[in-house]
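**Student:** Predicted model follows, preceded by the sequence.
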Amino acid sequence: MEVFIAVVESGNFSEAAKRLDISSVMVGKMIAQLETLLDTRLLQRNTRRQHLTEAGKTWYQDSLGVMAALRSAEGRIESLRQFPAGSLRISAPTTLGSCVVASLCSEFQLRYPEVYIELELSDRFVDPIAEGFDFAIRVGQLPDDSPFVAQRLGDYKMVIAASADYLSSHPAPQSMADLPAHRCLRNTLWNKRNAWRSGSLPLWPENTVFSCNDGHALRRAALAGAGLILQPQLLLADDIRQGRLISLLEHALPAPRPIHLLWRQDVRASAKHRSFIDWMREQAPAALA
């Protein structure tokens with residue numbers, strides 16, 4: 001099609017060949033193949049000149065439109081490579097996502113407004129490939145055979161805290177052995193696989209006075225004086241700074257768990273993926289500190 005347009009606009013095969021940097025013989029072969037494919041004559045030729053047949057005029061006009069659309073499509077693809085645009089689906093744990101990831105995604109969009117983000121917060125185990133996520137954020141050690149590329153973003157630190165009202169009527173625990181004697185708040189999502197531990201033993205009592213599957217609800221209960229809470233530092237940090245909660249047993253806290261951004265091996269092809277990876281690498285450590 002491109003060769004045919006060049007022949008029409010150049011006036012003959014020789015000039016079209018120069019324009020396309022191919023041989024005149026190749027131009028002639030391509031025109032012959034095109035006419036065979038369409039089963040019609042597009043050009044009437046003699047030794048001195050050539051002119052378009054009616055079918056040739058129609059094909060020429062339509063070819064111009066097709067080539068313009070093709071160039072436009074190529075330009076849009078190139079634009080995607082150079083400037084972040086399009087949609088990103090991201091999976092993150094609920095508390096980490098609501099406290100940190102949502103803000104980072106919003107700030108990313110302020111810089112790249114042509115990127116549309118779908119952020120799904122869930123504490124279930126997500127399969128990014130099967131469920132169509134561009135990125136997944138995970139807390140904890142990754143398996144050695146992980147099929148993903150991983151960028152470490154920071155550490156997931158835990159704190160134990162209680163309100164001053166609670167501690168006014170319950171002496172502050174001095175060791176982890178004191179926890180069973182206290183009113184403790186528990187996240188029902190903890191299980192044998194993901195429970196926080198002190199050595200080989202579960203860190204938090206199984207028998208608790210208040211259980212919930214949401215960290216924000218547990219925080220509200222702790223602020224109301226319901227008992228001791230074990231939750232991520234990023235959830236309780238502001239309450240501790242403002243004195244609404246008091247940090248406890250800092251010497252006995254479990255080791256932080258790593259936080260990783262995961263993506264498939266092949267997603268770095270577009271600017272939106274590259275830019276998001278760079279953004280999280282640059283911004284997440286400070287947000288998680």
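**Tutor:** Yes, it's here.

**Student:** Which strands or helices does the helix or strand containing residue 278 pack on?
**Tutor:** For residue 278, the host element (DSSP states H and E) is helix 271-288. Using 3 or more Cβ pairs under 8 Å, 6 or more residues apart in numbering; DSSP states H and E, the elements in contact with helix 271-288 are helix 54-82, strand 86-92, helix 102-111, strand 115-121, strand 149-156, strand 257-263. (C-beta placed from N, C-alpha, C; glycine too.)

**Student:** Nearest to residue 284 among these would be which one?
**Tutor:** Of all the helices and strands packed on helix 271-288, it is strand 149-156 that lies closest to residue 284, at 3.9 Å by Cβ to Cβ.

**Student:** just to revisit the earlier point, give me the buried stretch members for the helix holding residue 278, please.
**Tutor:** Across helix 271-288, burial judged by 16 or more other Cβ atoms under 10 Å covers 271-273, 275-277, 279-280, 283-284, 287-288.

**Student:** same check, this time on stretch 253-270
**Tutor:** Going by neighbour count (16+ other Cβ under 10 Å), the buried part of stretch 253-270 is 253-254, 257, 259-264, 267, 270.

**Student:** In TSV: the residues you listed, plus pLDDT and distance to residue 138.
**Tutor:** Below are the buried residues of stretch 253-270 laid out as TSV (pLDDT from 0 to 100; distance: Cβ to Cβ, whole Å):
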residue	pLDDT	distance to residue 138
253	87	21
254	83	17
257	91	9
259	96	7
260	96	5
261	96	8
262	95	6
263	92	11
264	84	14
267	57	16
270	80	22
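
**Student:** Among those, which one sits closest to residue 137?
**Tutor:** Nearest to residue 137 out of the buried residues of stretch 253-270 is residue 261 (Cβ to Cβ; 5.7 Å).

**Student:** Identify the bridge partners of the closest one.
**Tutor:** Per DSSP bridges, the residues bridged to residue 261 are residue 137, residue 151.

**Student:** Quick one: residues contacting it.
**Tutor:** 135-137, 150-151, 153, 277, 280-281, 284 (Cβ atoms under 8 Å, 6 or more residues apart in numbering).

**Student:** let's see it at 6 Å
**Tutor:** Counting by Cβ atoms under 6 Å, 6 or more residues apart in numbering, residue 261 touches 135, 137, 151, 153, 280.

**Student:** How about residue 244?
**Tutor:** residue 223.

**Student:** rerun at 7 Å
**Tutor:** Residues in contact with residue 244 (Cβ atoms under 7 Å, 6 or more residues apart in numbering) are 163, 223.

**Student:** Could you do residue 43 as well?
**Tutor:** 31, 50, 52-53, 56.

**Student:** Ok, residue 28 next?
**Tutor:** Each residue near residue 28 by Cβ under 7 Å, 6+ apart is listed here: residue 13.

**Student:** Mind telling me what element it is part of?
**Tutor:** Here residue 28 is assigned to helix 24-38, by DSSP H and E.

**Student:** buried set for that helix?
**Tutor:** For helix 24-38, a neighbour-count test (16+ other Cβ under 10 Å) marks 27-28, 30-31, 34-35 as buried.

**Student:** Now the residues you listed in JSON lines, please, with extra columns for pLDDT and distance to residue 231.
**Tutor:** Formatted as JSON lines, those follow (pLDDT from 0 to 100; distance: Cβ to Cβ, whole Å):
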{"residue": "27", "pLDDT": "91", "distance to residue 231": "73"}
{"residue": "28", "pLDDT": "90", "distance to residue 231": "77"}
{"residue": "30", "pLDDT": "93", "distance to residue 231": "69"}
{"residue": "31", "pLDDT": "92", "distance to residue 231": "73"}
{"residue": "34", "pLDDT": "92", "distance to residue 231": "70"}
{"residue": "35", "pLDDT": "92", "distance to residue 231": "74"}
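
**Student:** which residues does residue 41 contact?
**Tutor:** The contact partners of residue 41, by Cβ under 7 Å, 6+ apart, come to 35, 53, 55.
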